[in-house]
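Visitor: pasting the structure only:
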């Protein structure tokens, strides 16, 4: 189901990628218990980062690891910006369909970059690799994007489905009818395997709130060594 290329291992020996596959899920537009959990998480984050400015928030070890990765591509880690909007501007975690909201909540909770895909649309196996700068794919918002050389990427047998810098694709996105789902987590050097596994468990816990019938098919953390 998931293959790690030698190119990725060579380029990122200290990085990790997590994969969570869940079967027989549902994707309701709204779930009251999940909304309650989200409100509690927002309060927890504001308490955790109370009194901190942007520079202090950015010094958090997880955010620092992503910041170093993104800087080589002259980009800013968008999860950090979303976290800042919650703790500094009292914004809310976006209300979207439950599967994606579960992922958003875990991203804010753990600050780890995650993508979600419809398993039934994917052409397995998935392959973790490194972009050469020649690859391109359709982003969620519809436009075509050429990848940055050196960026981590995941592909199926039809093409790229996500990269760190540009995010997930449109072709395999979650829909209201998604029944089987794949979550992938990119963790650059500086983030431990235990953090990634805990993050996958948090996503699983959120999904089980509104889809208690769901089954975990795969929960695995891969490294470059």
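Guide: Nice, thanks for sending it over. Remember, it's a predicted structure, so these values are computed and weren't measured experimentally.

Visitor: ok, residues contacting the strand or helix carrying residue 205?
Guide: Using DSSP states H and E, residue 205 sits in helix 193-210. Helix 193-210 has contacts (Cβ atoms under 8 Å, 6 or more residues apart in numbering) with 16-20, 22, 25-26, 28, 31, 33-34, 37, 62, 98-99, 101-103, 105-106, 109-110, 112, 114, 181, 183, 185, 187, 214, 216, 219, 221, 223. (Glycine included, C-beta is placed from N, CA and C.)

Visitor: what's the spacing between that helix and its chain's center?
Guide: 11 Å (Cα atoms, centre = their mean, to the nearest Å).

Visitor: can you check stretch 74-88 too?
Guide: With Cα atoms, centre = their mean, you get 14 Å for stretch 74-88.

Visitor: and stretch 22-41, by the same measure?
Guide: Stretch 22-41 sits 17 Å away from the centroid of its parent chain (Cα atoms, centre = their mean).

Visitor: outside of that stretch, which residues touch it?
Guide: By Cβ under 8 Å, 6+ apart, stretch 22-41 touches 92-93, 95, 97-99, 101-102, 105, 108-109, 119, 174-181, 183, 204, 206-207, 209-211, 213-217.

Visitor: show me which residues of that stretch are buried.
Guide: Neighbour-count burial for stretch 22-41 flags 22, 25, 26, 27, 31, 34, 37, 38, 41 (criterion: 16 or more other Cβ atoms under 10 Å).

Visitor: from those, which is closest to residue 170?
Guide: residue 27 (16.8 Å; Cβ to Cβ).

Visitor: what sits against the residue nearest in space to the middle of the chain?
Guide: In the chain, the residue lying closest to the centroid (Cα atoms, centre = their mean) is residue 114, at 0.3 Å. Residues near residue 114 by Cβ under 8 Å, 6+ apart: 103, 106, 107, 183, 184, 185, 186, 199, 203.

Visitor: mind checking which of those residues land in helices?
Guide: Per DSSP state H, helices hold the following members of the contacts of residue 114: 103, 106, 107, 199, 203.

Visitor: could I get these as CSV with distance to residue 140, neighbour count and pLDDT?
Guide: Output for these, formatted as CSV (distance: Cβ to Cβ, whole Å; neighbours: other Cβ atoms under 10 Å; pLDDT from 0 to 100):
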residue, distance to residue 140, neighbour count, pLDDT
103, 13, 24, 96
106, 18, 26, 97
107, 15, 21, 96
199, 21, 27, 98
203, 19, 27, 98
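
Visitor: now render those as a markdown table, adding distance to residue 132.
Guide: Shown next, in a markdown table, are the ones in helices among the contacts of residue 114 (distance: Cβ to Cβ, whole Å):
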| residue | distance to residue 132 |
| --- | --- |
| 103 | 28 |
| 106 | 31 |
| 107 | 28 |
| 199 | 29 |
| 203 | 30 |
